[in-house]
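Student: generate coordinates for the sequence data below:
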Amino acid sequence: MPPGRKDKDRPLPAAEAQLLPSSDLHHNREDTLPRITPAEWEVMLLLWDKGELSSSEIDWHLALKKGWKAYTSRTLLRRLFRKGAVTCDRTRRPAIYRAGLLKESYMREQSRLLLHRVFKGATASFLIALLKEAPLTKNEIQEIKRTIEEKENQ
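Tutor: Numbering: from 1, shown residues only. Here you go, the predicted model:
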């Protein structure tokens with residue numbers, strides 16, 4: 001909404017902000033996952049971390065973290081809602097927003113797409129490139145080793 005509007009705290013329009021049926025909330029069919037921009041990703045990370053927030057709470061968190069104005073946060077929320085990545089519960093006041101996608105499923109699908117688009121499906125090359133560049137803690141290295149051992153024993 002443009003700055004200065006008195007209704008800046010209102011939830012999305014009723015036509016847009018209907019609750020999805022619970023079966024659709026986290027359906028996460030990997031072939032239908034929406035594309036999420038880097039800015040939208042910040043909103044998704046916040047919702048995955050906090051679980052549920054009002055639009056004012058989202059504005060506050062993103063203003064602190066990113067320096068964004070409420071207008072920016074609301075625009076991103078609206079886009080994510082239209083993509084099905086965010087749900088809105090208008091039965092509560094203020095309206096409550098939640099992630100409509102499971103973080104793990106979304107990240108897995110994006111990794112799969114990157115693997116095929118950039119590395120032409122070469123999993124070893126993908127993993128080696130990540131391991132060479134990523135700073136890892138000893139715990140993370142142990143977890144990677146355990147995962148490789150499990151894979152070897154399959």
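Student: spit out the contact partners of the spatially most central residue of the chain.
Tutor: Geometric centre of the chain, nearest residue: Met44, 3.2 Å, by C-alpha atoms, centre = their mean. Neighbouring residues of Met44 by C-beta atoms under 8 Å, 6 or more residues apart in numbering: 36, 80, 85-86, 99, 101, 103, 106. No exception for glycine: its C-beta is placed from N, CA and C like everyone else's.
Student: in strands only, show me those residues.
Tutor: Among the contacts of Met44, the ones falling in strands (DSSP state E) are 86, 99.
Student: does the residue nearest to the centre of the chain sit in a helix, a strand or a coil?
Tutor: helix (DSSP: H, G, I helix; E, B strand; the rest coil).
Student: at which residues are the strands of the protein located?
Tutor: 52-54, 86-89, 96-99.
Student: so for Arg112, which of those strands sits nearest?
Tutor: strand 96-99 (19.7 Å; C-beta to C-beta).
Student: picking that back up, closest to Pro135 out of the contacts of Met44?
Tutor: Set against Pro135, the nearest of these by C-beta to C-beta is Lys103 (21.8 Å).
Student: biggest separation within the contacts of Met44, which pair?
Tutor: Leu80 and Lys103, at 13.6 Å, using C-beta to C-beta across those.
Student: leaving out the residues flanking it, which one is nearest to Gly121?
Tutor: Leu115 (6.3 Å; C-beta to C-beta, 6 or more residues apart in numbering).
Student: pull the number of nearby residues for that neighbour.
Tutor: 16 (other C-beta atoms under 10 Å).
Student: hang on, the earlier thing: export the contacts of Met44 to TSV and tack on distance to Glu152?
Tutor: What follows is those, written out as TSV (distance: C-beta to C-beta, whole Å):
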residue	distance to Glu152
Ile36	34
Leu80	40
Ala85	36
Val86	40
Ala99	35
Leu101	32
Lys103	28
Tyr106	28
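Student: thank you, goodbye.
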